[in-house]
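Chemist: Here is a sequence together with a model predicted from it:
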Amino acid sequence: MQRSPIGQTGLSISVIAMGCGPVSGLMTGTDTPRQLAVVRQAITSGINWFDTAPGYGDGQSERSLGQCLAICDTHQETQISTKVRVLRSGGESFREQIHGSLRRSLERLGRSSLALLQLHNAITDEPGEQPFSVTPQEVLEPGGIADCMDELREAGLIQAVGLTGTGSTATLMDVVGSGRFQTLQLPLNLLHTLPDADPQPMQILAACQVAGVSVLAIRIFAAGALLGHPPSAHTLKTPFFPLSLYQRDAVQSERMCVGLSMGERVSRAVRFPLSQDSVVAAILGWTKETELMDITQLTKDIPHRYRRSK
């Protein structure tokens with residue numbers, strides 16, 4: 001599988017990466033044999049990048065991934081990205097939370113260092129304007145979140161730092177343009193090409209292109225809506241990408257995908273983010289080996305930067 005460089009970090013990522021989040025539910029569950037089979041198949045297929053977070057199953061995703069990789073990646077050739085979400089409650093400073101969160105992540109994953117640590121908070125003008133959101137000032141001020149994450153990079157515990165692309169457009173663009181972060185995980189899917197779509201993803205994508213920030217595309221199936229899947233258990237309860245968003249996306253998806261086979265839906269959904277200049281990988285979640293085999297079969301002919309190569 002083709003790999004893309006992540007800026008000047010020295011890291012490279014397979015253009016399809018495995019997401020270990022709660023929408024698919026595989027790695028946040030406890031079916032260890034199935035988890036191991038899927039992770040092993042991913043590595044065999046050329047996937048070198050696994051994305052997780054402490055908040056995925058209250059640490060279960062990291063534990064599951066660590067256990068699987070200890071068996072099928074004994075030389076630690078795969079790359080792992082995880083996240084940290086800072087809170088204003090609890091009495092710990094942001095620095096204490098960031099350092100402590102990474103330490104616990106490393107323990108669960110069984111690694112001494114990781115490829116990428118991403119801020120898992122939205123960025124807004126006012127603190128808490130969106131669930132758990134922080135402000136650009138809190139991120140960029142001296143001694144702020146970016147400085148704390150850089151401390152971990154300088155200590156050799158991580159190789160790069162990144163953002164989650166949620167929040168208000170102007171504030172996100174301010175932080176993207178600061179030059180402090182190498183990656184941004186951005187919700188990006190076919191529905192964003194519709195005339196009445198939220199313009200934010202494409203605006204943030206353009207800002208990343210200017211700033212030289214590598215984009216990791218997430219939610220490319222719109223939490224399953226583009227594939228006609230029912231909402232996951234996670235979608236029914238999360239405040240971040242809630243059921244109302246899924247329901248809207250499901251209506252739009254049926255209009256957009258009328259007459260398309262499942263294979264055509266998957267292929268078009270994967271082609272779209274990989275056609276964008278700033279996107280280095282699409283992060284997908286799946287629950288069965290056969291699903292991964294279908295994805296790789298359907299997308300094996302897609303050169304990276306597909307739009308450029310046409």
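Modeler: Structure's in. What do you need?

Chemist: Tell me the residue in the protein that is farthest from the middle.
Modeler: Ranked by distance from the centre of the chain (CA atoms, centre = their mean), the top residue is Gly259, with 29.8 Å.

Chemist: mind listing what's buried in stretch 177-190?
Modeler: For stretch 177-190, burial by neighbour count (16 or more other CB atoms under 10 Å) applies to 180-190. For every residue, glycine as well, the C-beta is placed using N, CA and C.

Chemist: That one spans what distance, first to last residue?
Modeler: 25 Å (CA to CA, to the nearest Å).

Chemist: tell me the mean pLDDT over it?
Modeler: Across stretch 177-190, pLDDT averages out at 97.

Chemist: now do stretch 30-41
Modeler: Taken as a whole, stretch 30-41 has an average pLDDT of 94.

Chemist: Centre of the chain to that stretch, how far?
Modeler: Mean C-alpha position of stretch 30-41 versus that of the full chain (CA atoms, centre = their mean, to the nearest Å) differs by 20 Å.

Chemist: repeat for stretch 252-265
Modeler: Worked out by CA atoms, centre = their mean, stretch 252-265 lies 24 Å from the chain centre.

Chemist: And for stretch 234-244?
Modeler: 17 Å.

Chemist: circling back to that earlier point, quick one: the residue farthest from the centre of the chain is in a strand?
Modeler: No. Assessed with DSSP: H, G, I helix; E, B strand; the rest coil, Gly259 is coil; it does not lie in a strand.

Chemist: re the thing from before, and which of the buried residues of stretch 177-190 is nearest to Glu254?
Modeler: Using CB to CB, Leu190 comes nearest to Glu254 of the buried residues of stretch 177-190, at 12.6 Å.

Chemist: neighbours around the closest residue to that closest one other than its chain neighbours, how many?
Modeler: Excluding the flanking residues, the one nearest Leu190 by CB to CB, 6 or more residues apart in numbering is Phe272, at 5.0 Å. Applying other CB atoms under 10 Å, we find 22 residues neighbouring Phe272.

Chemist: element containing Phe272?
Modeler: helix 262-274 (DSSP states H and E).

Chemist: hmm, back to that, in this structure the residue nearest to Leu190 contacts Arg219, no?
Modeler: No. Taking contacts as CB atoms under 8 Å, Phe272 lies outside contact range of Arg219: 11.8 Å.

Chemist: Identify the contacts common to these two.
Modeler: Contact criterion CB atoms under 8 Å, 6 or more residues apart in numbering; residues shared by Phe272 and Arg219: 188-189.

Chemist: so which strand or helix has Ala37?
Modeler: Assigned by DSSP H and E, Ala37 belongs to helix 32-44.

Chemist: next one: Ile13
Modeler: Under the assignment here (DSSP H and E), Ile13 is part of strand 12-14.

Chemist: Give the other helices and strands that that strand contacts.
Modeler: Under the contact criterion of 3 or more CB pairs under 8 Å, 6 or more residues apart in numbering; DSSP states H and E, strand 12-14 touches strand 3-5, strand 279-284.

Chemist: could I get the helix or strand following that strand in PDB with only the CA atoms?
Modeler: Downstream of strand 12-14, the next assigned helix or strand under DSSP H and E is strand 16-19. As requested, the backbone C-alpha atoms of strand 16-19 are provided in PDB (Å, rounded to 0.1, in the frame of the first residue of the first chain):
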ATOM      1  CA  ILE A  16      -5.500   4.000   4.400                       C
ATOM      2  CA  ALA A  17      -5.000   3.800   8.100                       C
ATOM      3  CA  MET A  18      -7.000   1.900  10.700                       C
ATOM      4  CA  GLY A  19      -9.200   3.800  13.100                       C
END
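
Chemist: list the buried ones in strand 16-19?
Modeler: Neighbour counts over strand 16-19 (16+ other CB under 10 Å) mark 16-19 as buried.

Chemist: Determine which two of these are furthest apart.
Modeler: Between all members of the buried residues of strand 16-19, the farthest pair (by CB to CB) comes out as Ile16 and Gly19, at 10.0 Å.
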